[in-house]
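**Q** let's see this in three dimensions:
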Amino acid sequence: MVSAIPDGMPVQRVGRSSTAVSALEKTLRITEALTAFGGPHRLADLSAASGVPKSSTYRILVSLVEQGYAVTDGEGSYGIGLRLRTLAAQVSTERPEGIVELLEFLQKSTGQAVHLALRTGDALTYVRKVESVQPFRTGSRIGTRMPMHATAIGKAVLAHLPPEEVESIVGAAGAPALTPRTLTDRDRLAADLSRVRTRGYAVDDEEHEPSVRCLGAPVFDGAGAPVGGVSLTAVTFLTTRAELERFAPALLEAARGVERLLRLG
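**A** Next up, the predicted model:
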């Protein structure tokens, strides 16, 4: 079949019998079935819902698990993986439906810069930023990947992960000293994460960038797993740690609001 594109030049469409298209369609059908309500789902149910033979469904699921888009309980059931959850959250922020307004309200209420970051593997990626009204700007940019161990949002996420996963992340990514105040010792980092769990938010006190301190609150998905967080960022010569921590209740409330909006998205 031939179709004309806008400049009038014909282009040959690839038929549905194409191996590449067929493989892609199978993967998309299985992914769609994987995200259906009521998961995790059994292999047989995913095969039936997607219309893909069980053997092919299994092979595709193995690949999705390896890539982090799916998870398995080892007993034949499959659920949504962290990478797919993060991707969904990132897409939902393209149509924020209240998220931007909430972050802007937090910035106006506190006067500080506000960030929303989501976990991407062993790091974080900034997906939203609302600048402070102060004349000083931090170097953060949307799309920038940030380390977990030296950022407020990163530590807020690490604090709510299983210890073995924290060890895996820190082991894989390392804990380099980005400033003289970065927590590079595993025991000191673990003690700090314990304090995060107790008070509900994390503090980056010039650990990632000199003269910059942040508060970070975790954002959880519907299953209770931390997928990112919201932070307030200030420069140290304008805002003391005590002054910044007074905004912790507003930050925690904003994080809960982001959770609700992401789930609705």
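**Q** which residues in the stretch 151-265 of the chain form strands?
**A** For the stretch 151-265 of the chain, strands defined by DSSP state E, counting those that start in this stretch occupy the ranges 202-205, 212-220, 226-235.
**Q** residue 169: which of those is closest?
**A** strand 226-235 (11.7 Å; Cβ to Cβ). Bear in mind the C-beta positions are built from the backbone N, C-alpha and C, glycine included.
**Q** in this structure residue 118 contacts residue 221, no?
**A** No - with contact defined as Cβ atoms under 8 Å, residue 118 does not count as touching residue 221 (10.5 Å).
**Q** those two: who's more crowded?
**A** The neighbour comparison of residue 118 against residue 221 (other Cβ atoms under 10 Å) goes to residue 118, with 23 against 18.
**Q** look up which residues are beta-bridged to the nearest residue to that one once chain neighbours are set aside.
**A** Distance criterion Cβ to Cβ, 6 or more residues apart in numbering; nearest residue to residue 118, sequence neighbours excluded, is residue 228 at 3.7 Å. Here residue 228 sits in beta bridges with residue 118, residue 219, going by DSSP bridges.
**Q** residue 228: neighbour count?
**A** Using other Cβ under 10 Å, residue 228 has 32 neighbouring residues.
**Q** quick check: the nearest residue to residue 157 once chain neighbours are set aside vs residue 134, distance?
**A** Closest residue in space to residue 157, ignoring its immediate chain neighbours: residue 226 at 4.4 Å, by Cβ to Cβ, 6+ apart. Separation of residue 226 from residue 134 (Cβ to Cβ, to the nearest Å) stands at 29 Å.
**Q** those two: which is more packed in?
**A** residue 226 (18 against 13).
**Q** can you pull the contacts of that one?
**A** By Cβ atoms under 8 Å, 6 or more residues apart in numbering, residue 226 lies in contact with 119, 156, 157, 160, 161, 218, 219, 220.
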